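[1] Attaching a predicted model along with its sequence, questions to come.
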Amino acid sequence: MVEQESPQIFPAATGAQAQAELRRVRPVERDEVGEPRPFPRLRQWLNREGSAYAFLSMYAVLFIVFIVVPVVVAIGLSFTFFDTIQPPTFNGLRNYIVLLTQDDIFMRYVLPNTIKFAVLVGPGGYVLAFMLAWILAQLPKKPRTVLALILYSPSMTTGVAMAVVWKTLFSGDQNGYLNSFLMGLNIIQEPIQWLQSPDYLMTIMIVVTLWSSMGIGFLAMLAGILEINPELYEVGALDGISNRFQEIVHITIPSMKPQMLFGAVMAIVGTFQAGAIGVTLSGGNPTPQYAGQLIVNHIEDFGFLRYEMGYAAAVSVVLLLMVLFFARVANRLFGS
């Protein structure tokens, strides 16, 4: 009878011994002359993910230089008095206190105008862009492409179009198209100063902005609708969906939430930065009797006309907080 050898029991290896054993077993990267290469794990990480970070590095640098740094500088300047001549002097929360308690123009005109403009143009332009995108998606490819280009083109030529088309249409003399048309029908007896009257300026600003709101968000919605699988509508019909409105609510919108979120963010940003419209139409900043004065115009007024950079920075921080708030709301509605 052969006696079996009992297995040898080795004492538990210490941490240093285990690491030495791993180094002995694991192959060591060596260069051409056989010397061990330094930082092997770093080299492995660079070979695996270095190219991706190299592509992102330029975007990261541009983002930091043109987005992060200006925001940080604006926040810092908002706590100072700075007139671009003397060095900034710290004044605490004085700019914000003056903005909320002593700036009558901001509280009586700028803030109400901005809220009215944002409520009508933001959701209005967003819903209009979705409706037009959905209608175009039902058309054949060639007419859809032509109409999409026609609707998108105003967003590319907004400044030129406002200066040429809209100022000619709403010109305050009898040669203006609208005045000439109304006087020809005997609706009015003398020309109306459409772009200088506080009663009409805001309405015209809203119309012009809606006309030029079919931008990138509109194209994103159109692309999202076209990417939806048609079989989903067939399955929905089997489940009881009987009309187009139910298809939009239960299939179209849930299937394109990323595009809806992108369109909402673009609508929010475009609405709050649309201060140039009132200045371009009326011809000056501030607008007549502050009828079309928005927060962006208020920032330009104090920053580039009065050179109160610290106060203008405080107003810009308030604008940034408003944009972030509405962007957060949009993310809650359409974020996945």
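    Now that the structure is in, tell me what you want to look at.
[2] Output stretch 91-99 as CSV, nothing but the C-alphas.
    In CSV, the C-alpha atoms belonging to stretch 91-99 read as follows (Å, rounded to 0.1, in the frame of the first residue of the first chain):
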residue,chain,number,x,y,z
ASN,A,91,-18.4,96.3,-2.0
GLY,A,92,-20.0,93.1,-0.8
LEU,A,93,-23.7,92.6,-1.8
ARG,A,94,-24.3,96.2,-2.5
ASN,A,95,-24.9,95.7,-6.3
TYR,A,96,-27.5,93.0,-5.6
ILE,A,97,-29.2,95.1,-2.9
VAL,A,98,-29.3,98.1,-5.3
LEU,A,99,-30.6,95.9,-8.1
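[3] So for that stretch, what gets flagged as buried?
    By neighbour count on 16 or more other CB atoms under 10 Å, the buried set for stretch 91-99 is 91, 95-96, 99. From N, CA and C alone the C-beta is placed, and that goes for glycine too.
[4] tell me which of these is nearest to residue 314?
    Nearest to residue 314 out of the buried residues of stretch 91-99 is residue 95 (CB to CB; 3.7 Å).
[5] what separates the closest one from residue 81, distance-wise?
    For residue 95, the distance to residue 81 equals 8 Å [CB to CB, to the nearest Å].
[6] Out of the helices and strands in the protein, which is least certain?
    helix 15-25 (a mean of 53; mean pLDDT, DSSP states H and E).
[7] how distant is the helix or strand that contains residue 53 from the center of its chain?
    Secondary structure assigned from DSSP states H and E places residue 53 in helix 40-63. Relative to the centre of its chain, helix 40-63 is centred 27 Å away, using CA atoms, centre = their mean, to the nearest Å.
[8] elements contacting it?
    Applying 3 or more CB pairs under 8 Å, 6 or more residues apart in numbering; DSSP states H and E, we find helix 40-63 packed against no helix or strand.
[9] pLDDT weak spots in this structure?
    Residue ranges of the chain with pLDDT under 70: 1-40, 42, 46, 158-163, 335-336.
[10] go again using 80 as the cut-off
    1-54, 155-164, 212-213, 273-276, 333-336 (pLDDT under 80).
[11] next helix or strand past the helix holding residue 53?
    Sequence-wise, the next helix or strand downstream of helix 40-63 (DSSP H and E) is helix 69-77.
[12] Name the residues that touch the next helix or strand after that next one?
    Where DSSP H and E defines the elements, the next helix or strand beyond helix 69-77 is strand 80-81. Identification of contacts with strand 80-81 by CB atoms under 8 Å, 6 or more residues apart in numbering yields 88-91, 94-95, 308, 310, 313.
[13] Report the two of those separated the most.
    Greatest spatial distance among these (CB to CB): 90 and 308, at 15.3 Å.
[14] what about the two, which has more around it?
    When neighbours are counted by other CB atoms under 10 Å, residue 308 comes out ahead of the other of residue 90 and residue 308, with 19 against 10.
[15] Quick check: nearest residue in space to that one, chain neighbours excluded?
    Take residue 308 and drop its neighbours on the chain: the residue closest to it by CB to CB, 6 or more residues apart in numbering is residue 302, 4.6 Å away.
[16] go on, residue 217?
    Closest to residue 217 by CB to CB, 6+ apart is residue 263, at 3.4 Å.
[17] residue ranges of the helices in the stretch 201-336 of the chain, please?
    Here the stretch 201-336 of the chain has its helices, by DSSP state H, counting those that start in this stretch, at 201-211, 216-226, 230-238, 244-247, 253-255, 257-272, 276-282, 295-300, 309-334.
[18] Next, the buried residues of the fifth one.
    The neighbour-count check on helix 253-255 (16+ other CB under 10 Å) flags 253, 255 as buried.
[19] mind checking which of the helices of the stretch 201-336 of the chain is nearest residue 119?
    The minimum distance between residue 119 and the helices of the stretch 201-336 of the chain falls on helix 257-272, with 9.2 Å, by CB to CB.
[20] List just the nearest of the buried residues of stretch 91-99 to residue 179.
    Of all these, residue 99 has the smallest distance to residue 179: 39.2 Å, by CB to CB.
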